[in-house]
Each structure stands twice: as C-alpha cells, then as structure tokens.
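> next comes the sequence, and after it the predicted model I'd like to discuss.
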Amino acid sequence: MINLLIVEDEPLVRASIQSFLDWENHGFSFIGAASDGEEGLLFLKDHPETDIVLLDIHMPVMDGISMLKRMRESDLMQVVLILSADNQFQFVRTAFQLGALDYILKSEMDEISLLKQLKGAAEQIAAAGRKSENLHPKEKRLIIDALLEDILHNRNKELNCHLIEDLDYTIHFPCRIGQFTLELDGKNERIKQIIRLRGQEFLKDRGASEIHFLSSGKALFFISPDQAQSFSEDFSEILKDAMNLSPDIRYSCICENREELPGQFTYLQSLDVGQSRMIRRAQSYIRKNYASPQLSLEEVSHYVEVSRTHLSAQFKKESGMTFRDYLTKTRIDSAKKLLEETNLRVYEICEIVGYPNVEHFSRIFKKVTGISPNRYHQ
C-alpha cells in the first residue's frame, strides 16, 4: 500500500480528492491531511512511512515552496506532486528545482488523471524501494541506465539522483562524460553484454563502474579526466581485437558536480549534429579496415551502399575532412601508438597500419606530425 499525505488549505479540495475513488482498491491509502506547510512538516516527522505528498503551492502560515525547502533541509524529502492553479507556473518551476516529481492542474484534475500520476509516482518509489541486493544484476543495470538518461536530460533530476543513490550508484567528480556509437547489425543484446563486461575491466580503476546504454542506442560512461585518453586507447584496442569493433569515443568537458551533467551532455550531443548514419558507418568501416593497403573510397562506398561521388561529398561536408585525410589520420594515429608502446621497427609498423612502402610511410608520417617516425620513437 502506498501512503499518501495531502497538504492543501481548501477543505473542499482535500475532501474531493479523498473521495474521488476507493483508493485502497488501487493500492493507495490517505494516511493524513494538513492545511498548511507547518502541519505537513509535523506530520512527516511523525509519519516517516509517508510515500507521496500532494502539495498545494499557495497556503497560509507556510506555503508549498517553503515546505519543500524545509523538507530538503530536514531530510524529509518524499515523492512530491504539486497541486497548482493555472497561473502558478513560475512557482511550479521552482518546485521542480527543489525536487518535485510532477504537477497537477486543479482545474483539470479528475480521478483518472490523478490516479495515472499517482501510479507513475508509485513506480518510481518501487524502483527506489527495492534494495540493490534484491535486484537481479541485469534489472539493476536497466534501471540505472534509465535513471541516468533522465538525469542527463534534466528530467526530475533531484528525485532521480535520490533513486540512483538508493541503488548504490555513485558518479565520482570531477569527471568527463564519454560517449560512443557502434553499428551492431542486429546483435545488440549480446554485444551490449560483452561491451559492458569488457568496459568494466578498464573503467573500474578510472572513476566509473560500467558502460551504460541510452534509448538512443548510444553508449555512455563517466571517467576521471586524466584517464580518458588511456581508456580510449585501451578500450578501442580490446574491442577491435575481440569483436572487430572500433568505437569513436567522444568526451564532454570536465564536470565538477552533478549540476553540470545535463549541460555537458547536451554539448556532447551537439558534436554529432548533422552526422548521418551513413557517415558513421563509413568511419567505423575505415577504423576496422585501415590496415589494408587496398582500402579505397570505392570499397567503403560499396559497404554503405551509395556512389563513391556521393560518399566523397558527404564525407567532407559532415566530418570536415576528406575520405583520404580521415584514412591517413586513422593510420598515423595507430602508428603513433605502436611507436610509443612497442619495440617494433618502423618498417614493421608501416605494414601493420596499411603502408607497404616504408619511404612513403615516413614521408606521410612527417607531413602529419612534423617529425620522422624514428625521431618520434626516441
């Protein structure tokens, strides 16, 4: 049974709401009523079993906004639904900032709409109330993914932050938001499980617990700023070796606290604006196959099923560089990593990254980096 408290100064409104339905048959029980915020606070202190508060905004003695502030300060925060008149939207906005879940217009309220919103609030309570040790790991991950997505989109952020903390999930600050998209070709669930497991190996000591998947299909994680580059290199390498996948990982600016998360998430999405699925697939194919000396625009255009002329034009338009420049950058970036981390000779590395001729490779490497491969290796 979900326990309800109504805080409303109009006796007729209180009575109407309580008489709308046989609430107990729907799983709800009105355990109290208060005519102002002070009475509401006293009730909450004496009745910690309260689950949902229906809270009016304008009341004598203490209004709804003041009560919400006191609830937060006194650690009495429950799920709150605001009862609002049509001209009170500026106060509703403040209530959301203080952690209210939703609002109900008194002029439009009836038993059906109220029941629907109460059931939605009850679902949130159910998610929070189930202790993490009683959740199946897969179910816990899905709940965390959904709550994170709401937090990043700034939807009911205060409530969802409380819910996710109840699942023993913590974002360590400062951090960067990392994001990548993979073309999974219909094997989504199996691949996602593998990516989560392999990602966890590399993230556990880098400020995050696992990879999360959003409803958009993008994968997301949080990471300590000084670990972002090494994670990208290690994780990309393991996915390429294990599954022939090459994620294009992008990062937000540094987030110092959770208030900065939605803004940085929005910034991260803006990096992908205008980039079509065709170009993302083309870039992914290049990152998987750059080691082939024969890799060509024609081969990639055949893979993404467009003409080479169209792919060439769109590639330049959407990525800001030509197909050839992107392929060269991918090869040279890989060569730099091999020069830094292995004892391979230059002629061996040039073959690994798709250059059969060492003189040509050295010339291209110096053009891109400003120094020769031998000097870079020193």
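The structure has been received and is ready for your questions.
> not counting its neighbours along the chain, what's nearest residue 265?
Among residues not flanking residue 265 along the chain, residue 152 sits closest, at 4.1 Å (Cβ to Cβ, 6 or more residues apart in numbering). Backbone N, C-alpha and C define where each C-beta goes, glycine included.
> could you do residue 307 as well?
residue 301 is the one closest to residue 307 (Cβ to Cβ, 6+ apart), at 6.2 Å.
> wait, is that neighbour part of a helix?
Yes. Judged by DSSP: H, G, I helix; E, B strand; the rest coil, residue 301 forms part of a helix.
> was I right to think it contacts residue 314?
No. Taking contacts as Cβ atoms under 8 Å, residue 301 lies outside contact range of residue 314: 10.1 Å.
> and the gap between residue 283 and residue 319?
Using Cβ to Cβ, to the nearest Å, residue 283 is found at 7 Å from residue 319.
> please enumerate the shared neighbours of these two.
residue 326 (Cβ atoms under 8 Å, 6 or more residues apart in numbering).
> compare neighbour counts for those two and give me the winner.
Under the criterion of other Cβ atoms under 10 Å, the comparison of residue 283 against residue 319 puts residue 283 first, with 22 against 17.
> who's in contact with that one?
248, 319, 326.
> in a markdown table, list the residues you listed along with secondary structure.
Formatted as a markdown table, these follow (three-state DSSP):
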| residue | secondary structure |
| --- | --- |
| 248 | coil |
| 319 | helix |
| 326 | helix |
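> least confident pick among those residues?
Lowest pLDDT within the contacts of residue 283 is found at residue 248 (73).
> was I right to think that residue contacts residue 285?
No. Under the criterion of Cβ under 8 Å, residue 248 makes no contact with residue 285, lying 11.7 Å away.
> any common contacting residues for the two?
Listed as contacting both residue 248 and residue 285 by Cβ under 8 Å, 6+ apart is no residue at all.
> can you confirm residue 30 is in a strand?
Yes. Residue 30: assigned to a strand according to three-state DSSP.
> re the thing from before, tell me how far the residue nearest to residue 307 lies from residue 111.
The spacing between residue 301 and residue 111, counted by Cβ to Cβ, is 60 Å.
> who has more neighbours out of those two?
Using other Cβ under 10 Å, the more surrounded residue of residue 301 and residue 111 is residue 301, with 20 against 14.
> ok, now how distant is residue 362 from residue 60?
82 Å.
> what about these two, which has more around it?
residue 362 (17 against 10).
> verify the stated contact: the more buried one with residue 372.
Yes. Using Cβ under 8 Å, residue 362 is in contact with residue 372, at 5.9 Å.
> how about low-confidence regions in the stretch 201-350 of the chain?
205-209, 272-275 (pLDDT under 70).
> recalculate using a threshold of 80.
The stretch 201-350 of the chain contains residues with pLDDT under 80 at 201-209, 215-217, 229, 233-234, 236-248, 270-277.
> now do the strands in it.
Taking DSSP state E, counting those that start in this stretch, the strands of the stretch 201-350 of the chain run over residues 212-213, 219-223, 250-251.
> those strands into JSON lines, with extra columns for mean neighbour count?
Listed next are the strands of the stretch 201-350 of the chain as JSON lines, based on neighbours: other Cβ atoms under 10 Å:
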{"stretch": "strand 212-213", "mean neighbour count": "22"}
{"stretch": "strand 219-223", "mean neighbour count": "22"}
{"stretch": "strand 250-251", "mean neighbour count": "18"}
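> turn those strands into a markdown table, including distance to residue 41.
Shown next, in a markdown table, are those (distance: least, Cβ to Cβ, whole Å):
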| stretch | distance to residue 41 |
| --- | --- |
| strand 212-213 | 37 |
| strand 219-223 | 36 |
| strand 250-251 | 44 |
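> looking at those strands, which is closest to residue 166?
strand 212-213 (17.1 Å; Cβ to Cβ).
> ok, now which ones touch the residue nearest to residue 267 when sequence neighbours are not counted?
With sequence-adjacent residues excluded and distances taken as Cβ to Cβ, 6+ apart, residue 267 is closest to residue 252, at 5.9 Å. When contacts are counted by Cβ under 8 Å, 6+ apart, residue 252 touches 176, 177, 178, 179, 264, 265, 267, 268.
> who touches the helix or strand hosting residue 54?
Using DSSP states H and E, the element containing residue 54 is strand 52-56. Strand 52-56 is contacted by residues 2-10, 13, 17, 40, 44, 64, 67-68, 78-83, 95, 100, 104, 118, 121-122, 125 when judged by Cβ under 8 Å, 6+ apart.
> understood, closing this out.
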